[in-house]
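S.K.: only geometry, no sequence info:
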Ligand code: BGC
């Protein structure tokens, strides 16, 4: 109205009328479409249906598309199939509204990058952004317009298999990675032919599942929600993420897919999110199983009213909303708003002008050599050196006999990890192949599986031992299968499955210097290995180029610089164990029984958050603060010098933590507030400067207001969440 009034005023005065902005133009088109849509067609836009596992569509869905009763598909992919369905939508349906095609492209479409937890171990947001942009280019070429990523759930419990899909336990690292991935997937404009619409998931609190059991209840204070679980979502929204997926979990009594506080008050109200909220798979129907909704109609009403625009797979909106509107239980305005949001992203994607994928482009883009090269680099940057006693690593390329042992040594499929898009096992460079390629024909590379991941015979172990005895070095590749992490893959034990530890012990007992390579999607409890085996590399599920990347690190062509994005416990009994815990009234004290600790276990982790070694050594010094006192609305800078005092070029990740010493609400022992990965040549020095401002120093007070309180802050700058240089400053009123 206001715009209209202004325009007519301008026309009357003869001042040239500014052309409608593209955004206004879109809103006008949406309004025009909405006016033509029947109630059934509106509900169709809010429906996402599932294709078949192989990426094709179900024939019985064709008729629904023709009648305009579907807004989107998931899992249907490949330019040809997508085009077949799209053609029906844009040529045969009454209003010719194009379909969205969504798919879980978490760490690559065809060229598979390391799993997201591994990528987070790189502490390198530029590399992570590049990986996401390559995933986007491949996915879009294959007709996928929407990825159900990034997964930005904070996870403090490694029993939860989905920890592999995110960036670990820390809200700051998680927010940086969320931003990088959204930018990588969407670019500046997700209508581009090499970008996709992103979806931050699972909103919210899903990672706090009790007992680490997937789909389980979560119950937390609003403060924990705001300070730990929400920040990566907020970062994704600020980076312009187009869509959000509402989670499966019960969140403090109100399931996340029916929660008006998180979906409307926070997401729409506080953060001004104008994109689409999509439910997780049948999450709306599951509101009945939660015991929130008595029937399907009530489930639909709860979800739509709370702010879930689109329903994945279950079909309660289309079934029940007409009656709910008739009975006055839902307003047409609520429905129209949801439809408007879905249409808006279709316009923003450019689908009305360019609905089809290009099959020739698809062939040209998938698995391009430069994509593989980027995946190799990303995988190498994600590897974490956990131990390197006596500088056993890097190995010499002139080694004559090497034994490569273990159930994952010659494996291709598992290295893709869970949610591996359209990745193919046959594209994967196995670790054995990567090592063989690196060493060339002059070396003898012996191989035995030694055991299966979950099973084995003593004869197999004996054969592996026989080979290890002949070798100068034994590399033992152990870990989990891809299916052991990801969705519905919670574990009660985090030990190496099966008899793999027995295999490691037997190889180690030969006296041949032994390197353990871990292939896994979560922290594992490996105290025996950490104590006895001289060299350990955490390689995660490293993707298509795993073998080459791992060989690059093993033989020193790449100096490892990754850091753990999550704490490694000594035993499951320590869980939850995370670095940014509260202090308690009785912090652990070994000389006082009545302090917070265990009778039968250490309180410290096996490997702390932020930890990781290099083949080089670094020294951090000259910690300087720009100011000793600031006011609550001011900032200060913190800088340090970092020097490579080793003999190889390498990377260090310098980390800045703060501790608010005393506040009106208790604060954690430490909180990560900045980090930088830097590459230095031997003897080279660099200076790193961080800025600390109100957004880093504030917290939610007793009234849930975000404030910076006066008082002392301690800061720590180091190479992990333990130790480091210390200083302090004061916030004064
Ligand atoms: C998962 C989501 C995923 C969806 C579609 C669900 O089971 O929780 O993360 O995006 O399936 O595949």
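M.R.: Good, I have the coordinates. Because the structure is a prediction, the values reported are computed rather than measured. Residues are numbered from 1 along each chain as shown.
S.K.: surely residue 201 is within a helix?
M.R.: No: read with DSSP: H, G, I helix; E, B strand; the rest coil, residue 201 is strand and lies in no helix.
S.K.: what's the nearest residue to it if we skip its chain neighbours?
M.R.: Using C-beta to C-beta, 6 or more residues apart in numbering and skipping residues adjacent in sequence, the residue nearest residue 201 is residue 245, 3.5 Å away. The C-beta positions use only the backbone N, C-alpha and C, and glycine is treated the same way.
S.K.: what of residue 262?
M.R.: Excluding the flanking residues, the one nearest residue 262 by C-beta to C-beta, 6+ apart is residue 204, at 5.4 Å.
S.K.: do the same with residue 134
M.R.: Nearest residue to residue 134 in three dimensions, chain neighbours excluded: residue 371, at 5.0 Å (C-beta to C-beta, 6+ apart).
S.K.: so which helix or strand takes in the one you found?
M.R.: Taking DSSP states H and E as the criterion, residue 371 maps to helix 369-382.
S.K.: phi, psi of the residue nearest to residue 262?
M.R.: Main-chain torsions, residue 204, degrees, to the nearest 10: phi -150, psi 160.
S.K.: with residue 140 instead?
M.R.: Residue 140 adopts backbone torsions of phi -60, psi -40, taken as degrees, to the nearest 10.
S.K.: surely it is in contact with residue 196?
M.R.: Yes: Residue 140 is within contact range of residue 196, at 5.3 Å (criterion: C-beta atoms under 8 Å).
S.K.: what is the burial count for residue 342?
M.R.: Residue 342 has 25 neighbouring residues, counting by other C-beta atoms under 10 Å.
S.K.: quick one, strands of the stretch 1-150 of the chain?
M.R.: For the stretch 1-150 of the chain, strands defined by DSSP state E, counting those that start in this stretch occupy the ranges 47-50, 72-74, 100-103, 146-147.
S.K.: turn the ones you listed into CSV, columns for distance to the ligand and mean pLDDT.
M.R.: Formatted as CSV, the strands of the stretch 1-150 of the chain follow (distance: least, C-beta to the nearest ligand atom, whole Å; pLDDT from 0 to 100):
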stretch, distance to the ligand, mean pLDDT
strand 47-50, 8, 98
strand 72-74, 6, 98
strand 100-103, 8, 98
strand 146-147, 9, 98
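S.K.: now those strands as CSV including distance to residue 338?
M.R.: Formatted as CSV, those follow (distance: least, C-beta to C-beta, whole Å):
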stretch, distance to residue 338
strand 47-50, 11
strand 72-74, 13
strand 100-103, 14
strand 146-147, 16
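S.K.: could you dump those strands into CSV and include mean neighbour count and distance to residue 409?
M.R.: Conversion of these to CSV gives the following (neighbours: other C-beta atoms under 10 Å; distance: least, C-beta to C-beta, whole Å):
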stretch, mean neighbour count, distance to residue 409
strand 47-50, 22, 36
strand 72-74, 25, 35
strand 100-103, 27, 31
strand 146-147, 28, 32
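S.K.: circling back: quick one: the helix or strand following the helix holding residue 371 to chain centroid distance?
M.R.: Sequence order places strand 384-388 as the next helix or strand after helix 369-382, per DSSP H and E. Strand 384-388 sits 23 Å away from the centroid of its parent chain (C-alpha atoms, centre = their mean, to the nearest Å).
S.K.: elements contacting strand 384-388?
M.R.: Helices and strands touching strand 384-388, by 3 or more C-beta pairs under 8 Å, 6 or more residues apart in numbering; DSSP states H and E, are strand 535-538.
S.K.: given the strand it packs on, what are its sheet partners and their directions?
M.R.: Sheet pairing of strand 535-538 (DSSP bridges) gives strand 384-388 (antiparallel), strand 514-519 (parallel).
S.K.: which residues of the stretch 151-300 of the chain score low on pLDDT?
M.R.: Across the stretch 151-300 of the chain, nothing is flagged by pLDDT under 70.
S.K.: contact residues of it facing the ligand?
M.R.: Neighbours of the ligand within the stretch 151-300 of the chain, by C-beta under 6 Å from any ligand atom: 201, 280-281.
S.K.: show me where the stretch 351-500 of the chain has its helices.
M.R.: Under the criterion DSSP state H, counting those that start in this stretch, the stretch 351-500 of the chain carries helices at the ranges 359-365, 369-382, 431-439, 458-470, 500-509.
S.K.: what of the stretch 551-700 of the chain?
M.R.: Counting by DSSP H, counting those that start in this stretch, the stretch 551-700 of the chain has helices at residues 694-697.
S.K.: what about the closest residue to the ligand within the stretch 201-350 of the chain, neighbour count?
M.R.: In the stretch 201-350 of the chain, the residue that lies nearest the ligand is residue 281 (3.9 Å; C-beta to the nearest ligand atom). Number of residues near residue 281 (other C-beta under 10 Å) recorded here: 18.
S.K.: quick check: it vs residue 247, distance?
M.R.: From residue 281 over to residue 247 the distance is 11 Å, taken as C-beta to C-beta, to the nearest Å.
S.K.: excluding sequence neighbours, find me the nearest residue to whatever residue of the stretch 601-733 of the chain ends up closest to the ligand.
M.R.: In the stretch 601-733 of the chain, the residue that lies nearest the ligand is residue 609 (24.6 Å; C-beta to the nearest ligand atom). The shortest distance from residue 609 to any non-neighbouring residue, by C-beta to C-beta, 6+ apart, is to residue 579 (4.0 Å).
S.K.: and that neighbour, what is it in contact with?
M.R.: 169-170, 567, 608-610, 669-670, 721 (C-beta atoms under 8 Å, 6 or more residues apart in numbering).
S.K.: pLDDT value on the residue in the chain that the ligand sits nearest to, please?
M.R.: Per C-beta to the nearest ligand atom, the residue of the chain with the smallest distance to the ligand is residue 148, at 3.5 Å. Note on residue 148: pLDDT of 98.
S.K.: correct me, but it touches residue 102?
M.R.: Yes: using C-beta under 8 Å, residue 148 is in contact with residue 102, at 5.9 Å.
S.K.: any residues in contact with both of those two?
M.R.: Common neighbours of residue 148 and residue 102, counting by C-beta under 8 Å, 6+ apart, are 74, 199.
S.K.: how close does the spatially most central residue of the chain sit to residue 476?
M.R.: Nearest to the mean C-alpha position of the chain, by C-alpha atoms, centre = their mean, lies residue 166 at 2.7 Å. Noted for residue 166: a distance of 28 Å to residue 476, by C-beta to C-beta.
S.K.: also residue 468?
M.R.: Counting by C-beta to C-beta, the gap from residue 468 to residue 476 is 8 Å.
S.K.: kindly report the same for residue 70.
M.R.: To residue 476, residue 70 is 50 Å away according to C-beta to C-beta.
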